[in-house]
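1. Got a predicted structure plus its sequence, pasted below:
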Amino acid sequence: MGRVAVFAVLLALLTWFLHRRLVRATGIPRRWARLADTALVVLAVSTLIGVGSGEIFPTSWARPIGFLGWVWLASWLYLIPGLLVIGLFAGISRLRARRTDTTTEVDPAKRRTLQLATAAVTLAAIGTAGYGVYEASGPKISRVRVPLARLPEGFNGYRIALITDLHVGPARGVDFTRKVVEIVNAQNVDLIAIGGDLVDGTVAKVAPDLAPLADLQAPDGIFGVSGNHEFYADDGGKWLDVWETLGITTLRNSRASIQHDGDTIDIVGIHDYTSPAPYEPNLTAALAGRDPNTFALLLAHEPRQAIEASEMGIDLQLSGHTHGGQMWPLRYLVPLQQPSVQGLDKVGNTVLYTTRGAGGLGARRYASAHRRRSPFSNSYARGDDLRRAHALVACERFDRRARADQVAVAMCTVDTTHGRPHLRASLASREDGDLTRVRVIPLRCNASGSVGSTA
């Protein structure tokens, strides 16, 4: 309740700012000014309802109204900076006019230009947010093959579906959950991993929207860990209890063993990095008494938890949280907090995969992120039919924009079954002696394992 109250104050201040820039500054006729102010009030109320949907207001009536508010809120990321830029240029123009002209009358041509520029920015902002809603309306699959040096032979070709960040509640309900479940079950994976942030709201108001998760199917089980949003509107422990009733084994700073074709791996799970007491993440407790020679798979909501994981011998970490940077300009801020924003990466000795998530908080995701969505992934381990060759080459051979402290690490994988070489490579930077993967560069290789650029 307190969180929504604080947001209401900020919402009122920003709505007043929009009134000043959209109505007063443009000098539109009184009739249109009243319509614009009415629209601003309606949209502000819709936004407040959207933020409170699932926490204060029942989703049955608040979700449709709140959805409009979430779209409006998303457009602010573009609208407010655009209006500030227009205001800056308008201010400079007025200062110049005062130095050369003593009249106080407003130039009709300049006023018209201001009105057109403001209208263009407003339409562009709303259109961009609307496009983001459309693009995020349907979850899609991203398939990723993950080479793992210590993976037991019995797990060659093992398949995992990673589901994170549904954010069911304010803008999405049971139908969205059911759609994700149907897509995942169609993949016939060995194990399903749930990486947190399934909900935004209280157990009383939003729990029914997760009911389809009970239909998830995987022979080796379904395992899940909490995200940060499980703790925002309710007690995260209560949400994990709900998951348990749906057949999900929740890992609360704990681990389980998975056996497959005669081999065993440990699947470890910890609470989110920011979880409040008494749910703080404790990887030490989760690993206590474990055989360090056993392969360890960690479920942790945030990629930055891989830093500690690498120090404690985790082989593979699966995460979400980042939404691939979500929207401009947020995508430039996320790397300041997280070591990886999306995709396959490496932190120290730990392989890290970060999915973009299946949903979003409200309607505000992916408006200007990369077009390809990664709501969950099938991760394929190494197989006997793969032969690897590694080469360290100077980065400038493949990317002229690379810094001097960056190198390209190429892994040449030859599929002997089909006789076609398959290459994965990445641009990496050295930091304190560790190799941190940044992004993928296309290279080519031949059967002998030599590496070259496709450029």
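-> Everything's here; your move.
2. okay, CA-based contacts and neighbour counts for the rest of this
-> Noted.
3. which secondary element of this structure has the worst mean pLDDT?
-> strand 386-394 (a mean of 26; mean pLDDT, DSSP states H and E).
4. Next, the buried residues of stretch 305-318.
-> Applying a neighbour-count criterion of 16 or more other C-alpha atoms under 10 Å, the buried positions in stretch 305-318 are 305-307, 309-310, 313-318.
5. how about the nearest residue to His260 once chain neighbours are set aside, what does it touch?
-> Counting by C-alpha to C-alpha, 6 or more residues apart in numbering, His260 lies nearest to Gly154, which is 5.8 Å off, once chain neighbours are set aside. Neighbouring residues of Gly154 by C-alpha atoms under 8 Å, 6 or more residues apart in numbering: 260-263.
6. if you skip the residues just before and after it, what's nearest to the residue nearest the centre of the chain?
-> Taking C-alpha atoms, centre = their mean, the centroid of the chain lies closest to His323, which sits 1.1 Å from it. Distances taken as C-alpha to C-alpha, 6+ apart place Arg356 nearest to His323, at 4.0 Å, with adjacent residues excluded.
7. Does that neighbour lie in a helix or a strand, and which?
-> Secondary structure assignment for Arg356, by DSSP states H and E: no helix or strand.
8. From Thr322, how far off is it?
-> Taking C-alpha to C-alpha, to the nearest Å as the criterion, Arg356 is separated from Thr322 by 6 Å.
9. ok, now Trp76?
-> Trp76 is 20 Å from Thr322, by C-alpha to C-alpha.
10. Look at these two and report which has more neighbours.
-> Neighbours per residue, other C-alpha atoms under 10 Å: of Trp76 and Thr322, the larger number sits with Thr322, 24 against 18.
11. If I look at the more buried one, what pLDDT would I see?
-> For Thr322, the pLDDT comes out at 90.
12. OK, contacts around it?
-> The contact partners of Thr322, taken as C-alpha under 8 Å, 6+ apart, are 302, 334, 341-342, 354-356.
13. Look up how far Thr250 lies from it.
-> Distance from Thr322 to Thr250, by C-alpha to C-alpha: 21 Å.
14. and the next element down the chain from the helix or strand where Phe89 lies?
-> When secondary structure is defined by DSSP H and E, Phe89 falls within helix 59-100. Later in the chain than helix 59-100, the nearest helix or strand by DSSP H and E is helix 108-135.
15. now that following helix against helix 59-100, angle please.
-> 150 degrees (axes from the mean of the first three to the mean of the last three C-alpha atoms, to 10 degrees).
16. Name the nearest of the buried residues of stretch 305-318 relative to Ile65.
-> The shortest distance between Ile65 and any of the buried residues of stretch 305-318, using C-alpha to C-alpha, involves Leu318 and amounts to 34.7 Å.
17. Report whether the closest one is found in a strand, as I expect.
-> Yes: under DSSP: H, G, I helix; E, B strand; the rest coil, Leu318 falls within a strand.
18. now whichever helix or strand Arg3 is part of and helix 59-100, what's the angle there?
-> Arg3 is part of helix 2-19 when elements are defined by DSSP H and E. If you take the same axes, to 10 degrees, helix 2-19 sits at 40 degrees to helix 59-100.
19. list the buried ones in stretch 327-338?
-> Residues of stretch 327-338 classed as buried: 327, 331, 334, 338 (neighbour count, 16+ other C-alpha under 10 Å).
20. just stretch 209-224 next, same as before
-> Of the residues in stretch 209-224, those buried under the neighbour-count criterion (16+ other C-alpha under 10 Å) are 209-213, 216-218, 222-224.
21. and these, which of them are in helices?
-> By the criterion of DSSP state H, membership of those in helices covers no residue at all.
22. Spatially, which two of these are the most separated?
-> Asp209 and Ala218 (21.0 Å).
23. Which residue is the nearest non-sequential neighbour of Phe155?
-> With C-alpha to C-alpha, 6+ apart as the measure, His260 is the residue that lies nearest to Phe155, at 6.3 Å, once sequence neighbours are left out.
24. can you check Gln217 too?
-> For Gln217, the nearest residue in space outside its immediate sequence neighbours is Asn185; the separation is 6.0 Å by C-alpha to C-alpha, 6+ apart.
25. quick one: the one you found from Trp76, how far?
-> Spatial separation of Asn185 from Trp76 under the definition C-alpha to C-alpha is 37 Å.
26. Kindly report the same for Gln337.
-> With distances defined as C-alpha to C-alpha, the gap from Gln337 to Trp76 amounts to 23 Å.
27. Check Ile126 too.
-> For Ile126, the distance to Trp76 - C-alpha to C-alpha - is 8 Å.
28. Kindly report the same for Ser275.
-> When C-alpha to C-alpha is applied, the distance between Ser275 and Trp76 equals 29 Å.
29. Now do the helices in the protein.
-> For the chain, the helices defined by DSSP H occupy 2-19, 30-52, 59-100, 108-135, 174-185, 203-206, 236-245, 283-287, 306-311.
30. now those in TSV, with distance to Asn228 and mean pLDDT?
-> Formatted as TSV, the entries for the helices of the chain read as follows, by distance: least, C-alpha to C-alpha, whole Å; pLDDT from 0 to 100:
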stretch	distance to Asn228	mean pLDDT
helix 2-19	15	92
helix 30-52	16	95
helix 59-100	20	89
helix 108-135	23	89
helix 174-185	19	95
helix 203-206	15	95
helix 236-245	9	96
helix 283-287	17	97
helix 306-311	16	95
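31. So for Asn349, which of these sits nearest?
-> Asn349 lies closest to helix 306-311 among the helices of the chain, at 5.6 Å (C-alpha to C-alpha).
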